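Peer 1: attaching a predicted model along with its sequence, questions to come.
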Amino acid sequence: MTADDTEAFLTEQASGVLCLADDRRAYGVPVAFAYDAGGERAVLDLGFAPGSKKREFIETTDEVCLTAYEWSATRDWKSVVMTGTLAELDDDAVDDETEAWFHTVATDIDAEERDLTLQWYELRVEELSGCRSRG
């Protein structure tokens, strides 16, 4: 995929798998994200339950990757892997437009019905790689 194809794909996507590590243990978690091509980042609003395994892994992971993909058939798919660092954001570091778009695509999360603490994060993208089927 070209750089333009990769950015267009990420702008259209809203979900993927965030991959974290702790020493030799890996942990992948489905997440919603908003991609900000101009800022070379993906913004995430992560929910943490008490004793969160996700939080434990975030604290020990230096480099993360977030994989977004679309699969229609064996010969009709696309995927993009964003690699970089994950950093906590203050609420005021996420502009109103990004927050509104994020909550439009992340409609399946209801923190009030679960005992979750929400925290904004950004994945500072250092490397992007995308590929698609030849079909």
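Peer 2: Received the coordinates, thanks.

Peer 1: where exactly do the strands run in this protein?
Peer 2: Here the chain has its strands, by DSSP state E, at 15-22, 25-32, 34-36, 41-48, 64-73, 76-88, 117-132.

Peer 1: most packed of those strands?
Peer 2: strand 34-36 (a mean of 24; mean count of other C-beta atoms under 10 Å). Every C-beta, even on glycine, is put in place using the N, C-alpha and C of the backbone.

Peer 1: ok, the spatially closest residue to residue 18 that is not a sequence neighbour to residue 67 distance?
Peer 2: Excluding the flanking residues, the one nearest residue 18 by C-beta to C-beta, 6 or more residues apart in numbering is residue 31, at 4.7 Å. Computed as C-beta to C-beta, to the nearest Å, the residue 31 to residue 67 distance reads 10 Å.

Peer 1: which neighbours do these two share?
Peer 2: 16, 17 (C-beta atoms under 8 Å, 6 or more residues apart in numbering).

Peer 1: close enough to count as contact, residue 70 and residue 14?
Peer 2: No: contact criterion C-beta atoms under 8 Å: residue 70 and residue 14 do not qualify, at 11.0 Å.

Peer 1: if we can go back for a sec, residue contacts, the residue nearest to residue 18?
Peer 2: Contacts of residue 31 by C-beta under 8 Å, 6+ apart are 15, 16, 17, 18, 44, 46, 66.

Peer 1: report the buried residues of the lowest-mean-pLDDT helix or strand in the chain.
Peer 2: In the chain, no helix or strand scores lower on mean pLDDT, DSSP states H and E than helix 96-105, which sits at a mean of 78. In terms of neighbour count (16 or more other C-beta atoms under 10 Å), helix 96-105 has its buried residues at 98, 101, 102.

Peer 1: which secondary structure elements does that helix contact?
Peer 2: strand 34-36, strand 41-48 (3 or more C-beta pairs under 8 Å, 6 or more residues apart in numbering; DSSP states H and E).

Peer 1: fine by me, thanks again.
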